[in-house]
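Participant: Below is the sequence, then the predicted model.
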Amino acid sequence: MPLRLVEVIAPDGYIDTVNAIADSESVIEKSTLVNCKDGHTLIRLLTRATGRQRLIDELQRALSSAEHWRVSLYPVDTSMPEKKLPEDERKERERQRTNQTREELFNGVWASATLSSDFILMSGLAATIAAAGLIQSNAAVVIGAMVLAPFLGPNIALALGAALGNIKLVTRGAIALVVGTAIAIGFGFVLAFVLRADGMTHELLLRTSVDPTSAVIALASGAAAALSLSSGTASALVGVMVAVALLPPAVTLGIAIELGYMRNTAGAAGLLLVNIAAVNLAALGIFFYRGIRPKSWLEQRTASQSILVSAVVCIILLAGALAVAYFLGEKS
C-alpha cells in the first residue's frame, strides 16, 4: 500500500479546520506539534492512496486565505504496525487508487520536460550513439541510445498539460520536444557526413516505414508511460522508452536528408509523427481514465476543452501520417 506523510504547517487559528479535514478515509494516523514557530502548528498525517488527492485539495482550499502555510508530501517506505482492512474494503481501495497525487505527478513531469543544458547534452549524446548504431546496423547500440534519450518526458508533459488545462506545461513540453527533435535530426545529418554513410542500412530502413502496427506500439507505450507515472512505478519507464522509439526516426530523418533519399525522409518523418501523436493520445486517455483533473470547477472546464482539442489534433495527425504512408507505399 503506497503511503505518504502529509505535513501541514498552518496558523493556529486554522487548526480546527485542518483537524476536521484530517478526519478522512485516507488518514491512518495524525500527530500534532503545537507552536512549532511563531503562532503556527505542525500537523503530520500518515495517509494511504485512497482519498489522498481529495485531502490535499481540501487542505489547499482551506488554507488559501491564510498566511505562511505549507503542505508537503513525503514518501514512506514502511510503517508499523500495519493496519489490517477487511478483504472487500481492501480490494475496493486497491481498485480505485491512484498512487500519485496531481501535485506529485505535475512536479515530476515538469522536471522531466526542462529544457536545460543537461537535456541538450543528453539529446546530443543519445543522437550520436543512435546515428552510429543505425549506420552500422547495430540494433544493440540503437537500443542503448533509446534508453538515454530524454524525449519521453516532454511528450508526457504535453499530455498531462492538456489533461490539467495547464498551458505552461504544454508549452514547456512542446519547446523541449521541438529542440530535442531538432538536435536529433541535426546530429543525424552531420554524422551521416562525418561517418560517411553510403546507403540505407537495415536498421535505417526499419525506421522509414509506417503502418498501423507502428501506431499500436506507440499507443500502448504512451499508455504504459502514463500508467507507470500515475501509479508511482517509474521503473517501468525504461522499457517504455525502448518501445516507443522516438529517437531513431528523428536521427534517421537527418541521415536520409543528408543521403538525399526523399522517400526514406518522408517515411522517417511519418514514423516520428505517428509516435509523437500516438504517445500523447494514449497518455491523455490514461490520465483522463485515472481521474487526474484540476481541482477547481473553472479549471476543469478549461481542461475539458484542452483535452478535446489535443485528442482531435492527435487523431488527425495519426490518420494523416498513416494515410500518407499508405499512399507512398502504393506508389512505390
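Facilitator: It's in.
Participant: Which pLDDT does the model give Asp12?
Facilitator: Reading off the per-residue confidence, Asp12 sits at a pLDDT of 86.
Participant: With the one 4 residues further on instead?
Facilitator: On pLDDT, Asp16 comes in at 88.
Participant: Over to Asp77?
Facilitator: The model reports Asp77 with a pLDDT of 74.
Participant: where's it relative to Gln60, distance?
Facilitator: Here the criterion is C-beta to C-beta, to the nearest Å. By it, Asp77 lies 26 Å from Gln60. Where C-beta positions appear, they are placed from N, C-alpha and C, glycine not excepted.
Participant: ok, the two, which is more surrounded?
Facilitator: It is Gln60, of Asp77 and Gln60, that has more neighbours when counted by other C-beta atoms under 10 Å, with 13 against 5.
Participant: Could you check which helix or strand contains the residue nearest to that one when sequence neighbours are not counted?
Facilitator: By the measure of C-beta to C-beta, 6 or more residues apart in numbering, the closest residue to Gln60 outside its immediate chain neighbours is Val71, 6.6 Å from it. Here Val71, judged by DSSP states H and E, is contained in strand 70-76.
Participant: Can you name every helix or strand that that strand contacts?
Facilitator: With contacts defined as 3 or more C-beta pairs under 8 Å, 6 or more residues apart in numbering; DSSP states H and E, the packing partners of strand 70-76 are strand 3-11, helix 52-63.
Participant: Following element in sequence after the first one, please.
Facilitator: If you walk from strand 3-11 toward the C-terminus, the next helix or strand you reach (DSSP H and E) is helix 15-22.
Participant: who does the helix or strand that that following helix is followed by touch, helix- and strand-wise?
Facilitator: Of the helices and strands lying after helix 15-22 in sequence (DSSP H and E), the nearest is strand 27-37. Strand 27-37 sits against strand 3-11, helix 15-22, strand 40-47, with contacts defined as 3+ C-beta pairs under 8 Å, 6+ apart.
Participant: Next, the buried residues of the longest one.
Facilitator: The reference is to strand 3-11. 3-4, 6, 8-11 (16 or more other C-beta atoms under 10 Å).
Participant: and that strand, which strands flank it?
Facilitator: Strands flanking strand 3-11 in the sheet, each with its direction: strand 40-47 (antiparallel), strand 70-76 (antiparallel) (DSSP bridges).
Participant: can you tell me which of the helices and strands packed on strand 27-37 comes nearest to Val274?
Facilitator: Closest approach to Val274 among the helices and strands packed on strand 27-37 (C-beta to C-beta): strand 3-11, 37.5 Å.
Participant: got the angle between that closest one and helix 15-22?
Facilitator: Angle between the axes of strand 3-11 and helix 15-22 is 160 degrees (criterion: axes from the mean of the first three to the mean of the last three C-alpha atoms, to 10 degrees).
Participant: Just want the angle from strand 3-11 to helix 52-63.
Facilitator: Angle, strand 3-11 to helix 52-63, by the same axes, to 10 degrees: 0 degrees.
Participant: which other residues reach strand 3-11?
Facilitator: With contacts defined as C-beta atoms under 8 Å, 6 or more residues apart in numbering, strand 3-11 is touched by 18, 28, 36-37, 39-49, 52, 55-56, 59, 63, 66-76, 79, 101.
Participant: Name the residues of the helix or strand hosting Val109 that are buried.
Facilitator: Secondary-structure element containing Val109, defined by DSSP H and E: helix 102-112. By 16+ other C-beta under 10 Å, the buried positions in helix 102-112 come out as 102, 104-106, 108-110, 112.
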